[in-house]
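have a look; sequence and predicted model below, questions after that.
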Amino acid sequence: MQTQIQAPPKGWSRTEMAAMIAAEVTDGWCVNLGIGSPLEIANHFLPGREVVLHSENGVFGMGPIQDPPVDTWVVNAGKQNVHLRTGASITDHATSFAFIRGGHIDLCVLGAFEVAVNGDIANWTASHDLSSLPAVGGAMDLAVGAKNLWVMMQHTTKTGEPKLLNQCTLPLTATRAVDRVYTNLAVLDVFDGAFVVREMHPDVSLEQLVEWTQGPIVEGPVPEH
Amino acid sequence: MINRIVASAEEAVAGIADGSVVMIGGFGDVGQPHHLINALADSGARELTVVANNAGSTAESGVGKLIGNGQVRKMICSFPRFSKPFEERWAAREIELELVPQGSLAERIRAGGAGIAAFYTPTGYGTALAEGKDVRYFDGVPHVMELGLKADVALLECWQADRWGNLRFRTSGRNFNPMMGLAARLTIVQSQHVVELGDLHADDIHLPGVAVNRVVHIPYGDPAPASSTRERSVA
């Protein structure tokens, strides 16, 4: 008899994931937050943390989203009003992407539809033939340019299908780019053709994680390199 | 005497021909030349190719108004989503889209204005957006060839300008505006403030007036606040 795959638990909330990521960012880093759920990470840096948040439109040193806004001239990549922290600076768009492509951004956190064990990421269109309106923004530049690429995403689709895969099925954003994935169920490093478990939600067992993931899963930690 | 100040938005956009390639500054509402776009809409110029990061949001204003009016044949942009007029024209196959990664878009515009015909970037390698493009390896890393972009006209917004056309932008309003100013044959600016020559310190000028042809003083005010913490994408 075929055993039915159990639906995954809810796991960590988006807010909890954002707080976990903020806590694991190294002080002194320059960090770009992609549009969507990663922008919430900006709300979780405790006072005193000196992390420079970069937005692709040329803002270095942005603070959290402000509603209502103090200054509507300052926006993040999602066009939400944010404020400038003391020490902030502004560049034009070409210079901003020179920082990105030139390898001057320590970390980028993006959302994704799919991530593969080889580090491929798909996050810009859910349509295989580009027939629905595609929109790429700055994700392709960030994925190849940032020194570290972390992804923040749900571990499965709403129906329990894996989004961590042997191979991406959707159009790629970048090849071999992802270093780490934060999902509602686990934190995994993408290393040597496997998802290496750093941490699991308390309601999840390793056996279950294997069920809800395509592609090899091994227990961590990743060797220092 | 150099005087690039003109009296009205209508005068500023005079002479933009059908079929022109028009670059429009702004990232969302911020740094977007709304009044110049309205004047272009009123001018009735058609078959335009518009280069901008976004495709607007509604048909009431901005790039979306030009699209809604049926004045745009082709958009070159990185993020056309959340634009109702664009989505409608796209579904009806009435508008062309050249989708460009945002950093490649910015650099293509910069290159166009800097006399660089093409460049190689790692961005987009192995993706659908690099299909058909020349690929070369530098230091073992695959790079995709992208072409510089030039325009007939650039429409910009800035915070302060003087009669020489020297420009200073305000915070996120800088975005695509300075490099579009260099990439166009005719650069037209709406400025919140017009100041006396010499009031802008040479160190504080973001775009020298040599790149600028016409400036119109439009004290447009602050961009509208984002209505909530929900993301939006307008241009």
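Happy to help now that I have it.

my read: B:Ile76 touches B:Leu149, true?
Yes - taking C-beta atoms under 8 Å as the definition, B:Ile76 is a contact partner of B:Leu149 at 7.2 Å. For glycine as for every other residue, the C-beta is placed from the backbone atoms N, C-alpha and C.

find residues that contact each of the two.
Shared contacts of B:Ile76 and B:Leu149, defined by C-beta atoms under 8 Å, 6 or more residues apart in numbering or on different chains, comprise B:51, B:105.

bridged to B:Ser191, which residues?
For B:Ser191, the residues forming beta bridges with it (DSSP bridges) are B:Cys158, B:His217.

sorry, back to before: show me which of B:Ile76 and B:Leu149 is the more surrounded one.
A side-by-side neighbour count of B:Ile76 and B:Leu149, using other C-beta atoms under 10 Å in any protein chain shown, places B:Leu149 first with 25 against 21.

name the SS class of the more buried one, please.
coil (DSSP: H, G, I helix; E, B strand; the rest coil).

do the same with B:Ala41
Reducing the assignment to helix, strand or coil with three-state DSSP, the entry for B:Ala41 is helix.

how about the closest residue to it other than its chain neighbours, phi and psi?
Closest residue to B:Ala41 apart from its sequence neighbours, by C-beta to C-beta, 6 or more residues apart in numbering or on different chains: B:Lys65 at 5.2 Å. Dihedral pair for B:Lys65: phi -70, psi -40, per degrees, to the nearest 10.

and B:Lys65, what pLDDT?
What the model reports as pLDDT for B:Lys65 is 97.

again with the one 5 residues further on
Looking at B:Gly70, its pLDDT is 98.

am I right that it falls within a strand?
No - residue state for B:Gly70 (three-state DSSP) corresponds to coil; a strand is not indicated.

got the contact list for it?
B:46, B:89, B:94.

grab the nearest non-local neighbour of the last one.
If the residues on either side of it in the chain are set aside, B:Glu94 comes closest to B:Gly70, at 7.5 Å by C-beta to C-beta, 6+ apart.

the one you found and B:Ala92: what is the separation?
To B:Ala92, B:Gly70 is 11 Å away according to C-beta to C-beta, to the nearest Å.

same deal with A:Ala18?
Summarising the geometry, the distance separating A:Ala18 from B:Ala92, computed by C-beta to C-beta, is 39 Å.

looking at these two, which one has more neighbours?
For the pair A:Ala18 and B:Ala92, the greater number of neighbours falls to A:Ala18 (23 against 8), based on other C-beta under 10 Å.

got the contact list for the host helix or strand of the more buried one?
Per DSSP states H and E: A:Ala18 is located in helix A:14-24. Around helix A:14-24, the neighbours that count as contacts under C-beta under 8 Å, 6+ apart are A:12, A:37-38, A:40-41, A:43-46, A:49, A:109, A:150, A:152, A:182-184, A:187.

what mean pLDDT does the longest helix along chain B get?
What stands out as the longest helix in chain B, according to DSSP state H, is helix B:102-114. Here the mean pLDDT over helix B:102-114 is 98, rounded to a whole number.

need the nearest residue in space to A:Leu130, chain neighbours excluded.
Nearest residue to A:Leu130 in three dimensions, chain neighbours excluded: B:Ala128, at 6.4 Å (C-beta to C-beta, 6+ apart).

shouldn't the one you found be in contact with A:Pro171?
Yes - because the distance of 4.8 Å satisfies C-beta under 8 Å, B:Ala128 is recorded as touching A:Pro171.

which residues do these two both contact?
A:Leu130.

looking at these two now, which is surrounded by more residues?
A:Pro171 (21 against 16).

against A:Asn123, how distant is the more buried one?
Using C-beta to C-beta, one gets 10 Å for the distance from A:Pro171 to A:Asn123.

the longest strand anywhere in chain A near chain B anywhere?
Of all segments of type strand in chain A, defined using DSSP state E, the longest is strand A:82-90. Yes - using C-beta under 8 Å from any C-beta of the partner chain, a contact is recorded between strand A:82-90 and chain B, made by A:84, A:90.

look at the residue nearest the centre of chain A and give its secondary structure.
The residue at the geometric middle of chain A, judged as the C-alpha nearest the mean C-alpha position with C-alpha atoms, centre = their mean, is A:Val151 (2.6 Å). For A:Val151, the secondary-structure state derived from three-state DSSP is strand.

which ones are touching it?
Going by C-beta under 8 Å, 6+ apart, A:Val151 touches A:109-112, A:115, A:121, A:178, A:180-182.

quick one: low-confidence ranges for chain B?
Counting by pLDDT under 70, the low-confidence segments of chain B come to B:227-235.

break down it into its strands, ranges please.
When assigned using DSSP E, the strands of chain B occupy the ranges B:5-6, B:21-24, B:48-51, B:72-77, B:96-99, B:118-121, B:135-138, B:141-147, B:151-161, B:167-168, B:184-194, B:214-217.

which stretch among these comes nearest B:Val13?
Between B:Val13 and the strands of chain B, the shortest separation by C-beta to C-beta is 6.3 Å, and it involves strand B:184-194.

I'd say B:Glu96 and B:Val72 touch.
No - because the distance of 9.1 Å does not satisfy C-beta under 8 Å, B:Glu96 is recorded as not touching B:Val72.

which of the residues in stretch B:29-47 are buried?
For stretch B:29-47, the neighbour count (16 or more other C-beta atoms under 10 Å in any protein chain shown) marks B:29-41, B:43, B:45 as buried.
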